[in-house]
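Peer 1: Please work out how this folds:
(one chain, ligands or ions: 1)
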Amino acid sequence: MDACAQCGGGVEERFRFCPWCGATLRRKFVEFFRAHPRDAGKALRVSRYVTDEPQVRFSVWDASGRVESAVSVDEREAARLALFLRPPRRFSHGLSDALRSYAAGVSARRSSTGSRKTTSS
Ligand SMILES: [Zn+2]
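Peer 2: Predicted coordinates for the structure are as follows:
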């Protein structure tokens with residue numbers, strides 16, 4: 001267990017903020033993402049900097065561990081990217097397809113039994 005530089009309270013390394021005084025403990029968060037098989041051996045590293053000038057930096061790493069290129073975006077662009085990368089809503093589409101199919105079946109049964117109401121407007 002480490003000590004918070006602000007208040008001296010005990011903090012665990014995984015904490016982003018000090019639970020005793022709220023001071024920011026970590027200023028950089030890093031996550032690696034595996035490449036698609038077409039780019040086997042490469043990796044995408046995304047670093048989020050929680051500083052006075054917050055930014056998210058993307059870097060492409062080759063198989064030897066070297067950075068091929070990198071670009072940083074501000075928080076606003078990072079949020080826009082997060083929206084762009086949201087998975088398609090397959091479940092909700094699948095559910096509405098199932099409901100449409102069920103409704104079509106109910107409608108067909110009503111038609112065949114002659115109980116379908118008609119309007120004469
Ligand atoms: Zn503290």
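Peer 1: From here on, just use CA atoms for contacts and neighbour counts.
Peer 2: Noted.
Peer 1: and this structure, which residues reach the ion?
Peer 2: Contacts of the chain with the ion, taken as C-alpha under 5 Å from the ion, map to 4, 6, 7, 18, 20, 21.
Peer 1: Let's have those residues in CSV, adding neighbour count.
Peer 2: Formatted as CSV, those follow (neighbours: other C-alpha atoms under 10 Å):
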residue, neighbour count
4, 20
6, 13
7, 12
18, 21
20, 13
21, 12
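Peer 1: and of these, the nearest to residue 37?
Peer 2: Distances from residue 37 to the residues of the chain next to the ion, taken as C-alpha to C-alpha, are shortest for residue 18 (40.3 Å).
Peer 1: thinking that closest one is in contact with residue 24, fair?
Peer 2: Yes: Residue 18 lies in contact with residue 24 (C-alpha atoms under 8 Å); the separation is 6.5 Å.
Peer 1: what about the strands in this protein?
Peer 2: Listed in chain order, the strands of the chain (DSSP state E) span 2-3, 10-11, 28-34, 43-49, 55-61, 67-74.
Peer 1: out of those strands, nearest to residue 110?
Peer 2: Closest among the strands of the chain, using C-alpha to C-alpha: strand 28-34, at 52.6 Å.
Peer 1: for the closest one, packing partners?
Peer 2: strand 43-49 (3 or more C-alpha pairs under 8 Å, 6 or more residues apart in numbering; DSSP states H and E).
Peer 1: In CSV, list the C-alpha atoms belonging to the strand it packs on.
Peer 2: Only the C-alpha atoms of strand 43-49 are listed here, as CSV (Å, rounded to 0.1, in the frame of the first residue of the first chain):
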residue,chain,number,x,y,z
ALA,A,43,-1.3,-3.9,-31.2
LEU,A,44,-3.1,-0.7,-30.4
ARG,A,45,-2.2,1.1,-27.2
VAL,A,46,-4.6,3.7,-25.9
SER,A,47,-3.4,6.0,-23.2
ARG,A,48,-5.8,8.3,-21.3
TYR,A,49,-4.0,11.2,-19.7
